[in-house]
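J.: any chance you could fold what I've pasted below:
(one chain, ligands or ions: 1)
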Amino acid sequence: FVNKQFGVRSSLLESSTTTTELFARKPFITGNWKLNPQSKSEAVDLARGIADSITGESPSDVALFVPFPYLETVQGIVGDKLIVGAEMITPEINGAFTGGVSPCMLKSMGIEWALAGHSERRTLNKESDEDINKQCKMLVEEGMNVVLCIGESLDEFEKDLVDAVCEIQLKKGLSEIGADQMSQVTIAYEPVWAIGTGKVATPEIAQSVHKSIRSITDKMYGSSVAESTRILYGGSVSPGSVDGLLEKPDIDGALVGGASLDTTSFGRIINFEVAEVLA
Ligand SMILES: O=C(CO)COP(=O)(O)O
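T.: Numbers count the residues shown, from 1 in each chain. Just a heads-up that it's a prediction; the model follows:
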């Protein structure tokens with residue numbers, strides 16, 4: 001077994017292999033803690049455990065999206081080893097928005113990343129594509145980075161509407177965001193039926209949707225943006241499924257929910273192993 005991950009462990013690489021031969025884009029492994037863990041002390045333990053699982057030069061970029069109250073603590077623990085981001089923002093500068101947290105506030109704390117469009121916020125908080133677009137635009141305009149989450153429901157999957165739903169969510173979510181701002185955007189494909197269900201999309205299904213998302217991005221922004229934009233898969237990613245997913249050419253990483261709350265599982269996901277990327 002030869003570990004040929006991007007940017008890593010050159011001592012393990014065959015001398016003739018360059019890391020970029022394997023991955024077109026640097027892999028990006030991200031965790032979304034959602035409404036977890038229940039106490040600051042548990043958050044501290046989890047952040048420490050995850051940071052400890054990154055030894056030496058990381059093969060991937062790694063990010064943790066954590067609840068607002070834990071941001072500063074987690075950031076202090078993980079330092080430069082990984083990115084810490086917010087799970088949502090309120091796209092306003094200031095004013096009468098009780099409970100809101102603005103991009104400016106986050107930036108002033110050194111937080112430069114946030115999720116937008118997670119299916120739980122689309123469903124539970126009734127966020128529309130227009131709301132999500134406002135969030136994405138404000139984040140990029142503030143010089144921050146956004147992971148835009150898109151994905152179809154089970155009903156839409158069964159009706160063969162996957163590509164159509166992703167296209168609409170992508171076009172509306174990224175409306176008025178320019179090609180020059182796309183380096184601040186990561187896309188996460190999260191089929192709703194796969195989130196928290198243990199029913200991970202097969203690598204073949206995920207690859208087919210990721211390829212279609214890349215081709216929509218190409219139509220919107222041209223090939224150089226499409227080829228450099230990272231597209232993550234999310235939905236029941238586990239230590240058992242990550243390697244197969246990351247072997248696919250258009251799957252650039254993972255957005256992990258449940259398994260990011262377990263140090264051993266998330267540590268294994270961060271240190272995923274692929275011997276080759278399969279077309
Ligand atoms: O929603 C997710 C990440 O944003 C995925 O959650 P699970 O990994 O628990 O399915």
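
J.: and the strands in the stretch 51-200 of the chain?
T.: 61-66, 83-86, 113-116, 145-150, 185-189 (DSSP state E, counting those that start in this stretch).

J.: CSV for these, including distance to V225, mean neighbour count and mean pLDDT?
T.: C-beta: built from backbone N, CA, C; applies to glycine. Below are the strands of the stretch 51-200 of the chain laid out as CSV (distance: least, C-beta to C-beta, whole Å; neighbours: other C-beta atoms under 10 Å; pLDDT from 0 to 100):
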stretch, distance to V225, mean neighbour count, mean pLDDT
strand 61-66, 18, 24, 98
strand 83-86, 21, 22, 98
strand 113-116, 18, 24, 98
strand 145-150, 14, 24, 98
strand 185-189, 9, 25, 98
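
J.: as a markdown table, those with distance to the ligand would be great.
T.: Converted to a markdown table, these look like this (distance: least, C-beta to the nearest ligand atom, whole Å):
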| stretch | distance to the ligand |
| --- | --- |
| strand 61-66 | 8 |
| strand 83-86 | 12 |
| strand 113-116 | 7 |
| strand 145-150 | 7 |
| strand 185-189 | 7 |
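
J.: out of those strands, flag the one nearest L261.
T.: strand 61-66 (10.6 Å; C-beta to C-beta).

J.: show me what that closest one packs onto, helices and strands only.
T.: Under the contact definition 3 or more C-beta pairs under 8 Å, 6 or more residues apart in numbering; DSSP states H and E, strand 61-66 sits against strand 28-32, helix 40-52, helix 71-78, strand 83-86, strand 113-116.

J.: just send the strands of the stretch 51-200 of the chain back as a markdown table, with distance to V277 too.
T.: Conversion of the strands of the stretch 51-200 of the chain to a markdown table gives the following (distance: least, C-beta to C-beta, whole Å):
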| stretch | distance to V277 |
| --- | --- |
| strand 61-66 | 17 |
| strand 83-86 | 24 |
| strand 113-116 | 26 |
| strand 145-150 | 22 |
| strand 185-189 | 17 |
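
J.: what's the closest non-adjacent residue to the closest residue to the ligand within the stretch 151-279 of the chain?
T.: Nearest residue of the stretch 151-279 of the chain to the ligand (C-beta to the nearest ligand atom) works out as G257 at 2.2 Å. Closest residue to G257 in three dimensions, ignoring its sequence neighbours and counting by C-beta to C-beta, 6 or more residues apart in numbering: N32, at 5.3 Å.

J.: count of neighbours near that neighbour?
T.: By the criterion of other C-beta atoms under 10 Å, N32 has 26 neighbours.

J.: contacting residues around it?
T.: Applying C-beta atoms under 8 Å, 6 or more residues apart in numbering to N32 gives the contacts 65, 87, 115, 118, 234, 255-257, 260.

J.: any idea how far it is from the ligand?
T.: 4 Å (C-beta to the nearest ligand atom, to the nearest Å).

J.: and that residue, bridged to which residues?
T.: Beta-bridge pairing of N32 under DSSP bridges involves F65.

J.: could you measure from it over to V225?
T.: Distance, N32 to V225, by C-beta to C-beta, to the nearest Å: 25 Å.

J.: likewise L106?
T.: Taken as C-beta to C-beta, the span from L106 to V225 is 25 Å.

J.: what's the closest of the strands of the stretch 51-200 of the chain to L278?
T.: Short answer: strand 185-189, nearest of the strands of the stretch 51-200 of the chain by C-beta to C-beta, at 18.1 Å.

J.: can you state the direction angle for the next helix-or-strand element following that closest one and strand 145-150?
T.: Next along the chain after strand 185-189, taking DSSP states H and E as the criterion, comes helix 203-221. Interaxial angle, helix 203-221 versus strand 145-150 (axes from the mean of the first three to the mean of the last three C-alpha atoms, to 10 degrees): 120 degrees.
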